[in-house]
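> when you get a sec, could you give me coordinates for this:
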Amino acid sequence: MMTMDRFARRRFTARLLGLAAAAGTGSLLVPRAQAQGKWPDKTVRIVAAGPAGGSADIIARLLADQLSKQIGQPVIVDPRAGAGGVLAVNELSLAARDGQTLLVGVDSLVSEIPHILKLSVTMANEIKPIAEVARGGLVLVGNNSLPAKTLAELIAYVKAHPASVNYASISAGTRSHVMGLLLNKAAGIDMMHVGYKGSTPALQDLMGGHVQLVFDGMPTSIPLIKSGRIKAFAVSTPKRSPLLPDVPTFTELGYPQLETVAWMGLWVKPDTPAPLQAQIREAALKALAGPSVRERLQEVGFEPPQPRTPDELTASLKADYERVGAVLKSIGFKPE
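As a prediction, the model looks like this:
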């Protein structure tokens, strides 16, 4: 693969983020190398779309450990935080299409981030999902000072206190933002949105009483729920989560509009040869099949993946992208 100096790499990243002054065709100019020989013939790198210790990093390390046993080669994890995962996509785009560099990241890379950031490329054309590796819904959590104990009581409380109840999202334009908009419309309430940069600061302000509610991912909220530091009202999964069996779903409470599941995927460069994609997918699915992996996923707040095909994953991304876009358009949301 062509070596890029520091200036060239920065320029590439700027173009990916849509910050370059020069106009482009929208396709990434990245080094291409022909896949050859046995896969893998050396160390495999998994780029995790998020910070060290974050959800993508945790799942990537779990997959790397099991995948290494499957393929007989070392598998290392390289967490890349920043720009909602765009910097991680940058790393994959710079790699050869030989399957030696993979990406683990949440579906929002394609379904949400393009609505939030101004990009000069189409994310769906830059990365391709070949396997779902974990999944999890969102949970609506609240500050313990709220008098409401159920979702019905919470909605009644918000109606009785118009324009005074805030809900936080992990970032404006993400699924956690859209969920509040959908609940506002479905329940006829007017919760005010406060966007944060990540789950941790949002939950800190929730516990501190600066915001009353947060639509958050289960992995980060479950420890706080179980320790009694925050309360849970409902989950977005189709069925009650085994991680929170006493918390009802939005659907069973009469709000099917809020049913949604986020999934963590294993992604490759779209131009990776099809036989190689199939080989990587098969190895990953075998690595994730053991009971110890499923137990570990639940320990960190995730549910086991579904065995959906790459085409099914791509179709779901398109549907979610359109759904999120429609909701954000209805409030005049503009990308940064």
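> scan the chain for its longest helix.
Secondary structure of the chain read by DSSP state H shows that its longest helix is helix 310-330.
> what residues of it count as buried?
310, 313, 314, 316, 317, 320, 321, 324, 325, 327, 328 (16 or more other C-beta atoms under 10 Å). No exception for glycine: its C-beta is placed from N, CA and C like everyone else's.
> now distance to residue 277 too, for these, in TSV please.
Shown next, in TSV, are these (distance: C-beta to C-beta, whole Å):
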residue	distance to residue 277
310	7
313	12
314	12
316	18
317	16
320	22
321	22
324	27
325	28
327	32
328	32
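> any chance of those in JSON lines, plus distance to residue 196 and pLDDT?
Shown next, in JSON lines, are those (distance: C-beta to C-beta, whole Å; pLDDT from 0 to 100):
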{"residue": "310", "distance to residue 196": "33", "pLDDT": "97"}
{"residue": "313", "distance to residue 196": "28", "pLDDT": "97"}
{"residue": "314", "distance to residue 196": "30", "pLDDT": "97"}
{"residue": "316", "distance to residue 196": "26", "pLDDT": "95"}
{"residue": "317", "distance to residue 196": "25", "pLDDT": "96"}
{"residue": "320", "distance to residue 196": "22", "pLDDT": "92"}
{"residue": "321", "distance to residue 196": "23", "pLDDT": "94"}
{"residue": "324", "distance to residue 196": "18", "pLDDT": "89"}
{"residue": "325", "distance to residue 196": "22", "pLDDT": "90"}
{"residue": "327", "distance to residue 196": "19", "pLDDT": "88"}
{"residue": "328", "distance to residue 196": "17", "pLDDT": "87"}
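> residue boundaries of the strands in the stretch 1-150 of the chain?
44-48, 75-79, 101-106, 128-142 (DSSP state E, counting those that start in this stretch).
> now those as a markdown table including mean pLDDT?
Below are the strands of the stretch 1-150 of the chain laid out as a markdown table (pLDDT from 0 to 100):
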| stretch | mean pLDDT |
| --- | --- |
| strand 44-48 | 97 |
| strand 75-79 | 96 |
| strand 101-106 | 96 |
| strand 128-142 | 96 |
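> surely residue 122 meets residue 110?
No. In this structure residue 122 lies outside contact range of residue 110 using C-beta atoms under 8 Å: 9.0 Å.
> so between the two, which is more surrounded?
residue 110 (28 against 11; other C-beta atoms under 10 Å).
> separation between that one and residue 264?
13 Å (C-beta to C-beta, to the nearest Å).
> likewise residue 214?
20 Å.
> for stretch 301-308, measure first residue to last.
Separation of the first and last residues of stretch 301-308 by C-alpha to C-alpha, to the nearest Å is 21 Å.
> check stretch 148-167 too.
OK, stretch 148-167 end separation, C-alpha to C-alpha: 15 Å.
> got the buried residues for that stretch?
In stretch 148-167, counting by 16+ other C-beta under 10 Å, buried: 148, 151, 154, 155, 157, 158, 165, 166, 167.
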